[in-house]
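K.L.:
Provided below are the primary sequence and the corresponding predicted coordinates.
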Amino acid sequence: MDEEQNGKHMAEERERLPRVGNERSKDTPSLRYILIGGVLTALVVAYIEIGRQVGIAAPIPFLLLFAVGVVSASVWGRGAGLTSATIIAAYIIYAALISFGPPTLTGGPFQVSLGVGLIFFTTVMLGRTRDQNRTLIRSLQQARDELEDRVKERTAELSESHAALEQEMAEREKVEEGLRNSENRFQTLLREVDDVVWASNGDGSEMLYANDACETLYGWSAADLIENPNLWMEVIHPDDQERVQQELGEFYAHGRIEQQYRIVRPDGAVRWVLDRKHLIFDEAGTPTRMGVSSPTSLSA
């Protein structure tokens, strides 16, 4: 059992490891995004610088560089935004230090400092927002994946439970069918035997079954005996009732007895009866069922 549990645990760990690795790779800032932001910014810087050197000034170069930083941070995150801002700041400082820097790009020291600070602040804030949104989306995707896994597990459990329930129902139907067949065979046997057979609960207060031979002996139908569990005692001849009652005490003590007595049928005829009674006890020794058989061929 321990080996099976360990093997199951190792299988679950193997299934979980690739997912953990993927989550770690997703949490690590992507170098690809940083490179994209850096390359895009470098291309714009090269465009402005080449134009300046050949005498073709770019319109409002600072706003162009600022827009590149905003796009890098908004689309690819804080890492790309910081890379773009660093390249832009270096170029602005470079342009301010050389004498041919375009006024629309550099301006005075205050304008340079303000421009660099504005670019870094904007890219950092936009990049952080982008990273937070990306993390939130990733968390939602992970939660969705976990929910789907739980739904699959629950569905599998329900399928197993449903299969087990179907099997249990099939087995129960099979048992019930067997009980019905046994009951039918038992009822058939009771109808075919010539002797009287009836049974009651342990104290005789409830008649459980009686066969049709009861009417031949007692003159009362099986339904009459079932309806009145004390009918078999009421039909005993008055001269024999006290003795039969006394013998029942011995019967409950030993669980088995054979009694012979007379009964009075509804038509007034007197019949001798030979009863063979036996008790069935439960594990606590309490009588749970009394069975009685009597031949119907004794003479009057």
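P.N.:
Cool, the structure landed. Numbering: from 1, shown residues only.

K.L.:
Quick one: neighbours of Arg289, just the number.
P.N.:
Taking other C-beta atoms under 10 Å as the neighbour definition, Arg289 ends up with a count of 14. C-beta coordinates here come from the backbone N, C-alpha and C atoms, glycine included.

K.L.:
And it, how close does it get to Asp212?
P.N.:
The span separating Arg289 from Asp212 equals 21 Å under the rule C-beta to C-beta, to the nearest Å.

K.L.:
before we move on, what about Ser221?
P.N.:
Distance check for Ser221 against Asp212: by C-beta to C-beta, it reads 8 Å.

K.L.:
same deal with Val112?
P.N.:
Distance of Val112 to Asp212, given as C-beta to C-beta: 119 Å.

K.L.:
give the contact list for Asp203.
P.N.:
Pro287 (C-beta atoms under 8 Å, 6 or more residues apart in numbering).

K.L.:
Correct me if wrong, but it is in a strand.
P.N.:
No. Using DSSP: H, G, I helix; E, B strand; the rest coil, the secondary structure at Asp203 is coil, not a strand.

K.L.:
where does Ile257 fall, phi/psi-wise?
P.N.:
For Ile257, the backbone dihedrals are phi -160, psi 160 (criterion: degrees, to the nearest 10).

K.L.:
Any idea how many residues pack against it?
P.N.:
Taking other C-beta under 10 Å as the criterion, the count of residues near Ile257 is 17.

K.L.:
How about Thr123?
P.N.:
Neighbour tally, Thr123, other C-beta under 10 Å: 29.

K.L.:
before we move on, which element is it in?
P.N.:
Secondary structure here is read from DSSP states H and E; on that basis Thr123 sits in helix 109-192.

K.L.:
Tell me how far that helix lies from the chain's centre.
P.N.:
Centroid separation for helix 109-192 versus its chain: 10 Å, with C-alpha atoms, centre = their mean, to the nearest Å.

K.L.:
From the contact counts, what lies against that helix?
P.N.:
Using 3 or more C-beta pairs under 8 Å, 6 or more residues apart in numbering; DSSP states H and E as the contact criterion, the elements in contact with helix 109-192 are helix 2-27, helix 61-76, helix 78-97.

K.L.:
Recalculate using a threshold of 10 Å.
P.N.:
For helix 109-192, the packing partners by 3 or more C-beta pairs under 10 Å, 6 or more residues apart in numbering; DSSP states H and E come out as helix 2-27, helix 31-53, helix 61-76, helix 78-97, strand 196-201, strand 207-210, helix 213-218.

K.L.:
could the ones you listed go into CSV alongside mean pLDDT?
P.N.:
Conversion of the helices and strands packed on helix 109-192 to CSV gives the following (pLDDT from 0 to 100):
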stretch, mean pLDDT
helix 2-27, 46
helix 31-53, 85
helix 61-76, 86
helix 78-97, 85
strand 196-201, 82
strand 207-210, 82
helix 213-218, 83
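
K.L.:
closest to Ser294 out of these?
P.N.:
Closest approach to Ser294 among those is made by strand 196-201 (4.2 Å; C-beta to C-beta).

K.L.:
Next, the angle from that closest one to helix 109-192.
P.N.:
Here strand 196-201 runs at an angle of 140 degrees relative to helix 109-192 (axes from the mean of the first three to the mean of the last three C-alpha atoms, to 10 degrees).

K.L.:
which helices and strands sit right next to strand 196-201?
P.N.:
Here strand 196-201 is seen to pack against helix 109-192, strand 207-210, helix 213-218, helix 222-227, helix 231-234, strand 270-281, strand 287-294 when contacts are counted using 3+ C-beta pairs under 10 Å, 6+ apart.

K.L.:
orientation of the first one relative to helix 31-53 in degrees?
P.N.:
This points to helix 109-192. Using the same axes, to 10 degrees: helix 109-192 against helix 31-53 is 150 degrees.

K.L.:
could you give the mean pLDDT of helix 109-192?
P.N.:
Computed over helix 109-192, the mean pLDDT rounds to 85.

K.L.:
Number the residues from 26 up from this point.
P.N.:
In the new numbering, first residue 26, that becomes helix 134-217.
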